[in-house]
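[1] curious how this folds, go ahead:
(2 chains)
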Amino acid sequence: MNLSKLVIEDAVRGSFRVHRSAMTSPEIHELERERIFDRCWLYVGHESEIPHPGDYRRRTVAERPLFLIRGRDGAVRIFLNTCPHRGAMVCRQDQGNADTMSCFYHGWTFSSHGDLIGVPEQSAYPEQFSRADHGLLPPPHVDSYRGMYFVNFGGDVPTLLDYLGKAREIMDLTFDSAEVLGGWEVIRGSAKYDIRANWKLMAENSVDGYHLPTVHQTYIGYMAERHKLAGAPRINNNTMYKASRGFTLNNGHGGIFVGIPGRPIASPSPFWTEEAVAEAAQIRERLIARYGLERGGEMADNSRLMVIFPNLAFQDTHTGFRFRQWWPKGPGLMEINQWELVPRNENEEIRAYRQEGSLAFLGPGGLATPDDVEALESCQTGFNAREFEWSDVSRGMHRDPPRSDDEIQMRGFWRQWHALMQEQSGAKRIGDPAHPDAGAEMAARK
Amino acid sequence: MTGPGALTEASKGAAKNAPVNGVPATPENLMLRLAVEHFLFEEAALLDAWRLDEWLALFTEDGLYVVPTTDLPDGDPKRDLVFIDDNLVRLRGRVTRLASRYAHREYPASRTRRMITNVRLIRVAAKEIDIEASFAVFRARSQVIAPFVGLYRYTLVRDGNQGFRIRYRRAELANERMSDHGAVSIIL
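    Next up is the predicted model:
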């Protein structure tokens, strides 16, 4: 296996190819566990999921069982979910509230701060046994940005702030936009589904503007019907694509900006009621008053879909705002978990449009996501035709500026993936030769 | 087992207070149950045959079709994330989509077989009947056959001649995640 030949870029000829063994090889999957998932910052959960002291959520992150818990002191902590005694999982429910956690195996008990506070018949242990040495263990690195908690299992790692880098500017657009509505919170219920395909196909798919008219034809047809019933013109794909942008940032993060009406913050759809349209206009005014015409307008008008490398989609769109995370379960299988966020003080009608917009498109029961599942599985099956070795990811390499239906955002992902797999600290080039730093343009839009 | 959807101590306790007997086994109720079962079996036959337009016609104009997420079977679409929350406009859109050759997850269409059992009358009123039933919907496609398993909750409206219309139809999944099918791409 020649790692240096997995991604081949030829700037002069404008070709960008990914060797399909990257999606099928068990050896590459094994290497990814160590070189990608043991070294990158990985999303765990959002603070709004555990609002009260004692609230906890269980998660599996890079195969490690973890749980987040809000301590009696109000601080959020993350622990490896294994008893320091002999290994059983201390937290045995996906969510709940507890003052203390007691291991069901032998009864060792821990405070919400992770301290060992009870050992049945402790007198049987040697004198030197100290409870202080046997508390719950957090992952090696834990940090948060705007309520999003991340962990890193690596040794010498960049800070979360440096790791996110310019991605923070895009996250800020979304987080700031809901400040006038009480901030974002994760709602109850999450979409959990599996796809028989390599996890990197979801990194591509989550920021792929090119596949909309083909894969999601039936969704587009449904929305066109809704627009027609409302007497509104059809969304013009050409205009939409022309105004859109693809971008890639440091550390493999990247995504697209695209303006499709129907954003609950705050670009109304033609089939909303007058009251809802007026409410959206009012939110837009408040955003512009607070953040200025350019930044406030950007928050309101443009959807942003970004992959935070390696496996988190941050999607703030006309179909709502969500985190989607995916984990490899082998080269040809991934597990997906998806959470929806809403502004705390959103008006009821806009909330209903938000939920409707989200469900019409997304999730296992939406009119669109099932067809993404089909597309990714179809690719994975196609890869079995091993004589065909390469996938082409060159779309829009020479286009200026890059658009959402180009593949610049995927090239940024692949460059970073390729660098990490070769144990380099990061990709030498972030953007395309035509756009060596495609993030700069995005930052200038602010 | 402590996976998603596992009963917590609290919900185990709550189940104790739920009506387990449904309505009394009077001759009228037993006949009514037969009529309800007949309706459910006919409905399942339409779905298994992909006769979706006829199936759609079973709904009242204010009909709803809801599928909660696997980790929140009691999810309320007004405030929680659910998989499906269709009124008739959206349900019509879903049926139109599934009839199209561009519903890629169902083109070619999967084969399904629905097992509906343990049909129980929960509330019998003059015009409406609430019922519950267990289901196992087997879906076969792309070399995989696996069931969606769960509980149906219906509100049926009496439609004369022993017939019914569907005002509310909810499928609460026992599956912990959509692992085998990757989606709810059929009507459950």
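
[2] what residues does the stretch 251-400 of chain A have near chain B?
    The stretch 251-400 of chain A has residues A:335, A:339-340, A:352, A:355-356, A:358-360, A:363-365, A:367, A:369-371, A:373-375, A:377 near chain B, with proximity defined as CB under 8 Å from any CB of the partner chain. Quick note: C-beta positions are derived from backbone N, CA and C, even for glycine.

[3] in helices, which of the residues you listed fall?
    A:352, A:355-356, A:358-360, A:369-371, A:373-375, A:377 (DSSP state H).

[4] for residue A:330, which non-adjacent residue is spatially closest?
    Take residue A:330 and drop its neighbours on the chain: the residue closest to it by CB to CB, 6 or more residues apart in numbering or on different chains is residue A:29, 6.3 Å away.

[5] now do the buried residues in the host helix or strand of the one you found.
    Per DSSP states H and E: residue A:29 is located in helix A:26-35. Buried positions in helix A:26-35, judged by neighbour count with 16 or more other CB atoms under 10 Å in any protein chain shown: A:28, A:29, A:31, A:32, A:35.

[6] now the closest residue to residue A:229 other than its chain neighbours. Its backbone dihedrals?
    Closest residue to residue A:229 apart from its sequence neighbours, by CB to CB, 6+ apart: residue A:271 at 6.9 Å. Phi and psi for residue A:271, reported as degrees, to the nearest 10, are phi -100, psi 10.

[7] name the single longest helix found in chain B.
    Scanning chain B for the helix with the most residues, using DSSP H, yields helix B:27-48.

[8] in the stretch 251-400 of chain A, which spans are strands?
    Assigned by DSSP state E, counting those that start in this stretch, the strands in the stretch 251-400 of chain A fall at A:254-258, A:303-308, A:312-317, A:320-328, A:334-343, A:390-392.

[9] that should have said the stretch 101-250 of chain A, apologies.
    Using DSSP E, counting those that start in this stretch, strands in the stretch 101-250 of chain A cover A:109-111, A:116-118, A:141-145, A:148-152, A:184-186, A:191-195, A:245-248.

[10] just chain B next, same as before
    Remark: strands assigned in chain B by DSSP state E are B:59-68, B:82-86, B:111-124, B:128-141, B:144-158, B:164-173.

[11] in its sheet, what does the third one sit against?
    Applying DSSP bridges to the sheet, strand B:111-124 is found paired with strand B:128-141 (antiparallel).

[12] show me what the partner strand is in contact with.
    Outside strand B:128-141, the residues that touch it by CB atoms under 8 Å, 6 or more residues apart in numbering or on different chains are B:22, B:32, B:36, B:40, B:108, B:110-123, B:145-158, B:164, B:167, B:171, B:181, B:186, B:188.

[13] ok, the residue nearest to residue A:330 - contacts?
    Taking CB under 8 Å, 6+ apart as the test, what residue A:29 contacts is A:328, A:330, A:331.

[14] quick one: least confident helix or strand in chain B?
    helix B:9-17 (a mean of 53; mean pLDDT, DSSP states H and E).

[15] who's in contact with residue 33?
    You didn't say which chain, so I picked chain A. A:62, A:63, A:328.

[16] my bad, the chain I had in mind was chain B
    By CB under 8 Å, 6+ apart, residue B:33 lies in contact with B:119, B:120, B:121.

[17] let me know the pLDDT of residue B:44.
    Note for residue B:44: predicted pLDDT of 98.

[18] right, I mislabeled it, should have said residue A:85
    98.

[19] ok, it touching residue A:103?
    Yes. Using CB atoms under 8 Å, residue A:85 makes contact with residue A:103 at a distance of 6.7 Å.

[20] more neighbours, the two?
    residue A:103 (23 against 15; other CB atoms under 10 Å in any protein chain shown).

[21] apart from its neighbours in sequence, what residue is nearest the more buried one?
    Ranked by CB to CB, 6+ apart and with sequence neighbours excluded, the top spatial neighbour of residue A:103 is residue A:83, at 4.2 Å.

[22] what does residue A:91 give?
    Once flanking residues are discounted, residue A:91 sits nearest to residue A:67: 4.2 Å by CB to CB, 6+ apart.

[23] wait, what's in contact with that neighbour?
    Neighbour list for residue A:67: A:56, A:57, A:58, A:59, A:78, A:79, A:81, A:90, A:91 [criterion: CB under 8 Å, 6+ apart].

[24] which ones among those are found in strands?
    Using DSSP E, the subset of the contacts of residue A:67 located in strands is A:56, A:57, A:58, A:59, A:78, A:79.

[25] need the winner for burial among the strands of chain B.
    Mean neighbour count (mean count of other CB atoms under 10 Å in any protein chain shown) peaks for strand B:82-86 among the strands of chain B, with a mean of 25.

[26] ok, that strand: who's next to it in the sheet?
    The strands beside strand B:82-86 in its sheet (DSSP bridges) come out as strand B:59-68 (antiparallel).

[27] render the CA-only coordinates of the strand it pairs with in PDB, please.
    Output of strand B:59-68 as PDB, limited to C-alpha atoms (Å, rounded to 0.1, in the frame of the first residue of the first chain):
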ATOM      1  CA  PHE B  59     -57.200   9.300   5.200                       C
ATOM      2  CA  THR B  60     -59.600  12.000   6.300                       C
ATOM      3  CA  GLU B  61     -58.800  15.500   5.100                       C
ATOM      4  CA  ASP B  62     -57.300  16.400   8.500                       C
ATOM      5  CA  GLY B  63     -55.400  13.100   8.600                       C
ATOM      6  CA  LEU B  64     -51.900  12.800  10.100                       C
ATOM      7  CA  TYR B  65     -49.200  10.200   9.700                       C
ATOM      8  CA  VAL B  66     -46.400  10.300  12.300                       C
ATOM      9  CA  VAL B  67     -43.200   8.300  12.900                       C
ATOM     10  CA  PRO B  68     -41.200   9.300  16.000                       C
END
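
[28] test my guess that residue A:277 contacts residue A:271.
    No. Residue A:277 is beyond contact range of residue A:271, at 10.0 Å (criterion: CB under 8 Å).

[29] neighbour count winner among the two?
    residue A:271 (20 against 15).

[30] quick one: pLDDT of that one?
    86.

[31] OK, contacts around it?
    Per CB under 8 Å, 6+ apart, neighbours of residue A:271: A:226, A:227, A:229, A:230, A:232.

[32] for the stretch 1-150 of chain A, what lies in contact range of chain B?
    Residues of the stretch 1-150 of chain A found near chain B (CB under 8 Å from any CB) are A:92, A:93, A:94, A:96.

[33] tell me the pLDDT at the third one?
    Reported pLDDT at residue A:94 in the predicted model: 96.

[34] so how far is residue B:69 from it?
    Residue A:94 sits 12 Å away from residue B:69, going by CB to CB, to the nearest Å.

[35] where does chain B dip in pLDDT?
    Chain B contains residues with pLDDT under 70 at B:1-21, B:162.

[36] same question, chain A
    For chain A (pLDDT under 70), the answer is A:436-446.

[37] repeat that for 80
    A:1, A:235, A:433-446 (pLDDT under 80).

[38] go through it and flag its longest helix.
    helix A:274-301.

[39] tell me what that helix is packed against?
    Packed against helix A:274-301 by the contact rule (3 or more CB pairs under 8 Å, 6 or more residues apart in numbering or on different chains; DSSP states H and E) you find helix A:167-177, helix A:348-361.

[40] make CSV from the ones you listed and add mean neighbour count to it.
    Shown next, in CSV, are the helices and strands packed on helix A:274-301 (neighbours: other CB atoms under 10 Å in any protein chain shown):
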stretch, mean neighbour count
helix A:167-177, 20
helix A:348-361, 20
